[in-house]
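Visitor: Dropping the sequence and predicted coords here.
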Amino acid sequence: MKTQIAIIGAGPAGLLLSHLLHRQGIHSIVLERQTRDHVLSRIRAGVLESTSVEVLRAAGLADRMDREGHPHDGMRIAWAGRDSFYVNSGQMLGRPFVTYGQTQIQQDLFAAADARGQSLLHGVHGITLHGIDGASPSLAFTHQSENRELKCDYIVGCDGFHGPSRRAMPAGVLREYEKVYPFGWLGIMARVKPLDDVTYAYHPRGFALASRRNDKLGRFYIQVPLEDKIEDWPDGRFWAEFKARFPQAIARQIEEGPSIEKSIAPLRSFVAEPMSHGRLFLAGDAAHIVPPTGAKGLNLAISDVHYLSRALASRYHDASEELLGNYSATALRRVWSSVRTSWHLTNLLHSFPAATDFERRAQEHELAYLQSSTRAQAALAEQYAGLPLEI
Ligand code: FAS
Ligand code: PHB
């Protein structure tokens with residue numbers, strides 16, 4: 001097998017990259033370990049920055065998002081029984097964000113891949129990377145019980161945090177930065193009327209978040225101890241705890257219902273630098289992980305492949321390797337901006353078990369400052385709604 005770009009992973013990063021490359025006349029083959037149904041069964045992100053919306057629209061992938069997505073002028077922050085406040089990024093920056101589930105995006109990306117006849121193999125196992133320091137890299141793997149080899153010009157690791165591509169970087173090349181948080185998020189999906197706003201809550205009992213997928217499907221999260229299991233949280237207990245973390249005025253609006261999906265995810269901040277070495281490039285969760293507090297993970301996957309597809313197009317159409325050489329530095333500027341924002345919002349809105357009284361008081365006063373200062377809200381809004389992509 002031979003292609004120009006070998007892509008590992010058919011998540012948002014891998015499928016969007018193959019779509020953007022196709023529009024540039026660049027051939028790629030996507031290798032995915034899981035079945036399509038398994039990939040589509042994963043419930044994950046829900047907020048698209050305005051910049052991500054622009055990338056998807058420019059790529060001809062926004063028709064269903066425009067029909068079913070829900071634009072928001074901002075998000076609401078509630079805390080400890082006080083009045084909530086609305087951070088109006090639309091009014092301050094003129095850039096709304098959109099709630100549209102990653103599952104829907106994945107469906108749209110698979111449909112686009114089918115429409116263009118994308119070479120996409122599912123059930124690929126044992127991928128190993130070869131020759132990334134030379135001019136003829138390749139992937140070895142098994143597929144349908146056969147040992148296969150894929151020769152290519154470049155390999156792009158879109159294989160998420162646990163994939164093989166980051167680990168294929170030569171020893172001594174990679175620098176990793178990590179912070180693991182002392183709690184996780186328990187998330188449920190329920191066929192209930194969601195709140196109008198994406199609403200974050202800080203409470204001494206813990207963080208909570210109310211989001212949506214459509215007018216009849218809500219997505220809800222609470223901070224839980226790392227040792228908690230899904231079976232510790234029957235629906236009744238979840239809803240009681242969820243509502244206890246919001247002010248009464250908001251709790252009264254929350255409609256309860258049976259969960260149709262329930263999962264617990266640990267929280268970490270992680271960045272691997274550089275995001276490229278030789279003929280290997282990393283994009284999305286393969287290179288970085290953020291706590292979902294800032295709704296950045298999916299958006300960073302989109303910005304990474306926007307930059308990388310542009311650099312590969314320049315390499316093939318203009319015989320220039322300048323953008324490819326700058327890809328890691330360009331992508332990392334946005335990655336670290338989002339990593340810092342997600343870390344800051346996680347510290348601001350969660351109850352840390354080992355926090356001292358001083359730290360809790362300082363946290364509450366930072367929330368009070370954010371509530372009282374439109375300048376502080378503007379700084380948060382521009383990060384949350386998405387900084388402009390670098391030209
Ligand atoms: P992905 O992990 O989505 O995709 C990687 C793909 O590579 C997968 O399909 C995997 O099967 C495949 N793969 C892995 N190893 C392979 C191998 N050896 N061979 C072949 N294929 C291989 N982000 C938000 O913005 N908001 C959220 O609320 C949110 N919630 C999340 C909840 C969970 C449980 C998780 C894990 C992530 C969440 N995220 C959230 C982040 C998430 O949306 C990611 O940022 C996004 O999926 C990144 O996309 P990819 O980089 O494509 O990685
Ligand atoms: C979601 O809708 O799943 C969502 C929204 C905001 C976040 C994280 C997840 O910060």
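Guide: Arrived safely, thanks for sending. Ligands and ions are numbered 1, 2, ... in the order given.
Visitor: Number of residues surrounding the residue nearest to residue 250 when sequence neighbours are not counted?
Guide: Nearest residue to residue 250, sequence neighbours excluded (C-beta to C-beta, 6 or more residues apart in numbering): residue 78, at 5.6 Å. The C-beta positions use only the backbone N, C-alpha and C, and glycine is treated the same way. Applying other C-beta atoms under 10 Å, we find 24 residues neighbouring residue 78.
Visitor: which element is residue 78 on?
Guide: Using DSSP states H and E, the element containing residue 78 is strand 75-79.
Visitor: Residue 113 belongs to a helix?
Guide: Yes - using DSSP: H, G, I helix; E, B strand; the rest coil, the assignment for residue 113 is a helix.
Visitor: thinking it is in contact with residue 122, fair?
Guide: No - here residue 113 does not reach residue 122: they are 11.4 Å apart, not a contact under C-beta atoms under 8 Å.
Visitor: who has more neighbours, those two?
Guide: A direct count of neighbours by other C-beta under 10 Å for residue 113 and residue 122 places residue 113 higher, at 21 against 16.
Visitor: And the pLDDT for the more buried one?
Guide: Each residue has a pLDDT score; the one for residue 113 is 98.
Visitor: Next, the buried residues of the following helix or strand past the strand holding residue 78.
Guide: Where DSSP H and E defines the elements, the next helix or strand beyond strand 75-79 is strand 85-87. Applying a neighbour-count criterion of 16 or more other C-beta atoms under 10 Å, one finds 85, 87 buried in strand 85-87.
Visitor: Adjacent strands (with direction) for strand 85-87?
Guide: Strand 85-87 has its sheet partners listed here by DSSP bridges as strand 75-79 (antiparallel).
Visitor: wait, what's in contact with residue 154?
Guide: With contact taken as C-beta atoms under 8 Å, 6 or more residues apart in numbering, residue 154 is in contact with 4-6, 137, 279-281, 312.
Visitor: The same query, at a cut-off of 6 Å, please.
Guide: Taking C-beta atoms under 6 Å, 6 or more residues apart in numbering as the criterion, residue 154 is in contact with 5, 279.
Visitor: Repeat that for residue 53.
Guide: Residue 53 neighbours (C-beta under 6 Å, 6+ apart): residue 98.
Visitor: Let's see that with 10 Å instead.
Guide: 62, 65-66, 69, 71, 95-98, 100, 299, 302, 386 (C-beta atoms under 10 Å, 6 or more residues apart in numbering).
Visitor: go on, residue 222?
Guide: 183-188, 201, 203, 205-209, 228, 233, 238-239, 241-242, 244-245.
Visitor: Work out the gap between stretch 360-367 and the centre of the chain.
Guide: In this view, stretch 360-367 has its centroid 28 Å away from the chain centroid, taken as C-alpha atoms, centre = their mean, to the nearest Å.
Visitor: what about residue 40, neighbour count?
Guide: Per other C-beta under 10 Å, the neighbour tally for residue 40 reads 15.
Visitor: what about the strands in the stretch 251-391 of the chain?
Guide: Per DSSP state E, counting those that start in this stretch, the stretch 251-391 of the chain carries strands over the ranges 259-273, 276-277, 280-282, 288-289.
Visitor: Tell me which of these sits most buried.
Guide: Across the strands of the stretch 251-391 of the chain, the average number of neighbours (mean count of other C-beta atoms under 10 Å) peaks for strand 280-282, which reaches a mean of 29.
Visitor: burial measure for residue 173, as a count.
Guide: A total of 14 residues lie near residue 173 under the criterion other C-beta under 10 Å.
Visitor: quick one: the residue of the chain at minimum distance from ligand 2 from residue 248, how far?
Guide: Closest to ligand 2 within the chain is residue 46: 2.2 Å, counting by C-beta to the nearest ligand atom. In this view, residue 46 and residue 248 are 26 Å apart by C-beta to C-beta, to the nearest Å.
Visitor: So between those two, which is more surrounded?
Guide: residue 46 (25 against 8).
Visitor: Can you name the residues that contact that one?
Guide: 70, 98-105, 187, 189, 198, 209, 211-213, 219, 292, 295, 298.
Visitor: Residue 321: neighbour count?
Guide: Residue 321: 11 neighbours (other C-beta under 10 Å).
Visitor: Check the offset of the strand holding residue 78 from the chain's centre.
Guide: Offset of strand 75-79 from its chain centre (C-alpha atoms, centre = their mean): 21 Å.
Visitor: likewise stretch 272-288?
Guide: Stretch 272-288 has its C-alpha centroid displaced from the chain centroid by 16 Å (C-alpha atoms, centre = their mean).
Visitor: Endpoints of it, how far apart?
Guide: 6 Å (C-alpha to C-alpha, to the nearest Å).
Visitor: Same check on stretch 97-105?
Guide: End to end - C-alpha to C-alpha - stretch 97-105 spans 15 Å.
Visitor: One more: stretch 202-209?
Guide: One end of stretch 202-209 sits 9 Å from the other (C-alpha to C-alpha).
Visitor: would residue 104 count as being in a helix?
Guide: Yes - membership of residue 104 in a helix is supported by three-state DSSP.
Visitor: That one: what's it in contact with?
Guide: 40, 46, 64-65, 68-69, 213-214.
Visitor: How much space separates residue 196 from residue 371?
Guide: In this view, residue 196 and residue 371 are 19 Å apart by C-beta to C-beta.
Visitor: Who has more neighbours out of the two?
Guide: Using other C-beta under 10 Å, the more surrounded residue of residue 196 and residue 371 is residue 371, with 16 against 12.
Visitor: Okay, the closest residue to that one other than its chain neighbours and residue 373: tell me how far apart.
Guide: Once flanking residues are discounted, residue 371 sits nearest to residue 85: 4.8 Å by C-beta to C-beta, 6+ apart. Relative to residue 373, residue 85 is positioned 11 Å away (C-beta to C-beta).
Visitor: cool, residue 67 as well?
Guide: As defined by C-beta to C-beta, residue 67 lies at a distance of 37 Å from residue 373.
Visitor: Who has more neighbours out of these two?
Guide: Applying other C-beta under 10 Å to residue 67 and residue 373 shows that residue 373 carries more neighbours, namely 12 against 8.
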